[in-house]
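# Got a predicted structure here, sequence first:
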Amino acid sequence: PTPPATAPPCRSNTDGSALTLAATASITVAKLTLAASAEPYVFTVSVSKGTRPVATDAVGVEVTAVAIPTVTMTSDVTGKVSLGSRVSFSVATDKPAADVAYKWTVSPPIVLPTKSDGSAAAEAEVLKLGTTGSSFVIVPVVDGSYASALLSDVTYTITVEATWNTLVGSAQQQFVVNGGPISTLAAPCQAYRKGFIGVTSGKALQDEWRFNCSQFADVDAPMTFRWGFRVSDTTRSTGYRNDWKVMSSESVWDTISAAGPSAGISGATADSTF
């Protein structure tokens with residue numbers, strides 16, 4: 001095709017400036033530079049050498065209007081998130097799912113927690129479903145670690161980009177991590193034989209023990225307490241697992257113990273020391 005003599009110069013779709021092309025054997029026009037048009041864009045090349053006649057050729061390029069993907073993100077986040085809360089997100093677009101590529105990011109970046117054996121948790125343990133699927137899950141506290149991959153009182157931004165036919169759409173969602181309960185005491189929890197404050201030895205399977213964590217406070221009430229025992233488990237990398245027994249709003253738990261953490265069981269009346 002041959003453009004009319006009065007054809008205006010091509011202009012960039014991004015800033016309206018005149019499109020400048022290189023005087024080279026091949027050129028590249030970046031994506032999204034040309035606006036959609038009912039008429040084709042005509043690219044003409046002129047080639048000359050010495051006194052020989054100038055040779056020209058032209059090619060027409062049609063640019064059609066194609067909308068970038070519309071991206072919708074949903075999640076199970078409601079209000080603040082605790083340091084140990086699992087959070088999940090999912091994404092949907094208006095394009096065929098099989099043709100869309102996803103990329104999830106977290107800002108600020110999560111901090112991989114250190115396990116009790118000194119090793120760092122793997123990213124795959126925290127980001128359970130990876131970062132390239134239609135769903136995204138963060139498990140901040142992994143097996144073998146008490147630390148969280150999230151930081152207290154930090155606002156995190158989750159971003160997902162959906163790429164379809166080189167066009168990229170995105171969506172974001174934020175959540176705030178609620179700091180855990182705090183105490184001004186160095187040892188806010190106490191364990192003793194019920195009725196005998198300060199007494200930390202007694203008879204297993206006979207004496208009743210009291211666990212008291214009443215010295216914690218938090219701006220977000222009410223607080224919830226989960227009580228249980230750490231038991232040996234050779235199938236775990238840590239050699240133990242947490243055997244949770246009770247979850248309640250009570251800061252005190254009374255129970256009968258088979259044996260204390262620092263003593264084995266040698267009989268029905270073995271001493272239990274905390």
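All right, it came through fine.
# Give me the buried positions along stretch 21-39.
L34 (16 or more other Cβ atoms under 10 Å). From N, CA and C alone the C-beta is placed, and that goes for glycine too.
# Stretch 71-82 too?
Buried-residue list, stretch 71-82, by 16+ other Cβ under 10 Å: V71, M73, V77, V81, S82.
# Show the contacting residues for the second one.
Going back to what we said before, that points to M73. When contacts are counted by Cβ atoms under 8 Å, 6 or more residues apart in numbering, M73 touches F89, S90, V91, I158, V160, A171, Q172, Q173.
# In ChimeraX, select just the buried ones from those.
Selection command for ChimeraX covering only the buried members of these, criterion 16+ other Cβ under 10 Å:
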select :89,90,91,158,160,171
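# All the helices of the stretch 51-200 of the chain, residue numbers only.
Ranges of helices within the stretch 51-200 of the chain are 123-126, based on DSSP state H, counting those that start in this stretch.
# all strands in it, in order from the N-terminus.
55-61, 71-75, 81-82, 87-93, 101-107, 135-138, 155-164, 167-178, 190-193 (DSSP state E, counting those that start in this stretch).
# Those into a markdown table, with extra columns for mean pLDDT and distance to R236?
Shown next, in a markdown table, are the strands of the stretch 51-200 of the chain (pLDDT from 0 to 100; distance: least, Cβ to Cβ, whole Å):
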| stretch | mean pLDDT | distance to R236 |
| --- | --- | --- |
| strand 55-61 | 91 | 62 |
| strand 71-75 | 96 | 30 |
| strand 81-82 | 87 | 23 |
| strand 87-93 | 96 | 24 |
| strand 101-107 | 97 | 27 |
| strand 135-138 | 97 | 21 |
| strand 155-164 | 96 | 29 |
| strand 167-178 | 93 | 27 |
| strand 190-193 | 89 | 24 |
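# Tabulate those strands (CSV), appending distance to T24.
Formatted as CSV, these follow (distance: least, Cβ to Cβ, whole Å):
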stretch, distance to T24
strand 55-61, 15
strand 71-75, 37
strand 81-82, 54
strand 87-93, 38
strand 101-107, 32
strand 135-138, 43
strand 155-164, 29
strand 167-178, 27
strand 190-193, 79
